[in-house]
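Colleague: Sequence first, then the predicted structure, then my questions.
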Amino acid sequence: MIIGLYSHLFSVYIQLQPYDSQSRPRKRPLLFRISIPCLFILVTLIVILSTISSYEGLRSQTQLEYLLGESQTAPLDRHYSGYCTYGIAGVSVFGVVGTLADLILLYRAYTLWDHRGSIIMLPTALFLSSCGAYIYAVVYFQKICVVIPADPSAADAHRLNLTISTLALVTIKVVNNLALTTLIIYKVRKLTQVTNKFLSASEKVHSGRLVKFIAGLYVLYGIGMAAFLYSVVRQRIDPLEMLPILALVMGISPTFLIVEVDLVVSNGRSIQGAQSSSSKDIVQSVQRSSSGDTV
C-alpha cells in the first residue's frame, strides 16, 4: 500500500513538471530537479535489497542457529554472506536516501526563507549528526557480520547496540524532517496570506491543504515510528527488515511536500498573471514582507 501511494505521488510530480517549468521565470538548479526522481529510484532499490537480504537470512536461518547454538567453528554458508552483503548495501543506500531527503528539504527551506542561514542552523546540525550516525551504523553492521560467527555469545549485546543506534538515527531523522517541513509550510502560508490581500474572495489562493498535509505528515511519521519501535523492541524483528518502511516514509515526505507547495505556488502565479493590474502590488508586498523578516 505504501509503495503504491509513493508511486502515485511520484507520477503526480512528473505530470506537474511541464506546467511548473512554464510558470517559472528561472529554472530550478539541475541537482534539485533530479533529486526527486533519484530519491524514488533509491527508495525502490532499498526495497529490493532489503527483500533479498531477508530472503537470504531466512535461507541461512538453520545454519545461523547451528552457529549460535552448538559450534563456534562451523563454516558460514553463502546465504549468510548474502544476507550481510545485501544488508550492508541496503543500509548504505538508506543513508544516501536520508541524506538526499534532508538536502531537498534544507534547500527548499533555505530558498523560501530568503537564504537566511540562521533559520536552518539547527536542521543543518541535525543533518550532520544523522550523517555521522549513518556511517556508524554501516561500520557497526559490518562488524556484527564478522564478530557474531566468531563469538556467538555476544550476539544479544551486539543486537542491542545496533537497535539503540538505529533508534537514535531514526529519531534524529524524524525530528529534522518535521522541523524543516514546519518551516516550509509556515513560510508558504505566510506568503499566501500576503498575496490574498490583493485578490477577491473567489480568486484567493487557499493553503488550507498545506496545514492538512503537515498534520498528515506528523501522523505518518508517528505511525512509522510506532511500527518500527514495536517491531524491533517488542517483536525483536531485525531492524534491516524495517528499512523499506522507513525509506518509503522518508521518500514520501519531501515528494509530497514539493508537490503541494508547487500546486499552491503555481495557482498563485496563475492568479497573478490574470490580474496584471495588481501584480506589481503583490510582488512589492511580498518583498516588503520578506525584507521585514530579514530585519
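Modeller: Noted; the coordinates are in hand.

Colleague: how close does Leu45 get to Asp102?
Modeller: When distance is defined by C-beta to C-beta, to the nearest Å, Leu45 is 18 Å away from Asp102. For the C-beta atoms, the positions are set from N, CA and C on the backbone; glycine is no exception.

Colleague: Pick out whichever of the two has more residues nearby.
Modeller: Asp102 (23 against 17; other C-beta atoms under 10 Å).

Colleague: Just the buried positions in whichever strand or helix holds the more buried one, please.
Modeller: Assessed by DSSP states H and E, Asp102 sits inside helix 78-112. Neighbour-count burial for helix 78-112, counted by 16 or more other C-beta atoms under 10 Å, picks out 79-80, 82-95, 97-98, 100-110, 112.

Colleague: now the angle between helix 78-112 and the helix or strand harbouring Tyr186, please.
Modeller: Here Tyr186, judged by DSSP H and E, is contained in helix 155-196. Orientation check (axes from the mean of the first three to the mean of the last three C-alpha atoms, to 10 degrees): helix 155-196 against helix 78-112 gives 30 degrees.

Colleague: average pLDDT across the helix or strand following helix 155-196?
Modeller: Counting by DSSP H and E, the next helix or strand C-terminal to helix 155-196 is helix 208-229. Mean pLDDT, helix 208-229: 73.

Colleague: my guess is Leu106 meets Met121, correct?
Modeller: No: using C-beta atoms under 8 Å, Leu106 is not in contact with Met121, being 10.9 Å away.

Colleague: Point out the other helices and strands that the helix holding Asp102 packs with.
Modeller: Using 3 or more C-beta pairs under 8 Å, 6 or more residues apart in numbering; DSSP states H and E, the elements in contact with helix 78-112 are helix 30-59, helix 61-69, helix 121-150, helix 155-196, helix 243-274.

Colleague: for the ones you listed, which one ends up most surrounded?
Modeller: Scoring those by mean neighbour count under mean count of other C-beta atoms under 10 Å gives helix 243-274 as the most buried, with a mean of 20.

Colleague: I'd like the average pLDDT over that helix.
Modeller: Across helix 243-274, pLDDT averages out at 65.

Colleague: go on, stretch 103-115?
Modeller: For stretch 103-115, the mean per-residue pLDDT is 84.

Colleague: got the CA coordinates for stretch 38-52 in CSV?
Modeller: The C-alpha trace of stretch 38-52 is given here as CSV (Å, rounded to 0.1, in the frame of the first residue of the first chain):
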residue,chain,number,x,y,z
CYS,A,38,16.8,9.9,-7.8
LEU,A,39,15.0,9.6,-4.4
PHE,A,40,12.3,7.4,-6.0
ILE,A,41,14.9,5.2,-7.6
LEU,A,42,16.9,4.8,-4.4
VAL,A,43,13.9,4.0,-2.3
THR,A,44,12.9,1.3,-4.8
LEU,A,45,16.5,0.0,-4.6
ILE,A,46,16.3,-0.2,-0.8
VAL,A,47,13.1,-2.2,-1.0
ILE,A,48,14.7,-4.7,-3.4
LEU,A,49,18.0,-5.0,-1.4
SER,A,50,16.1,-5.5,1.9
THR,A,51,13.8,-8.1,0.3
ILE,A,52,16.8,-10.1,-1.0
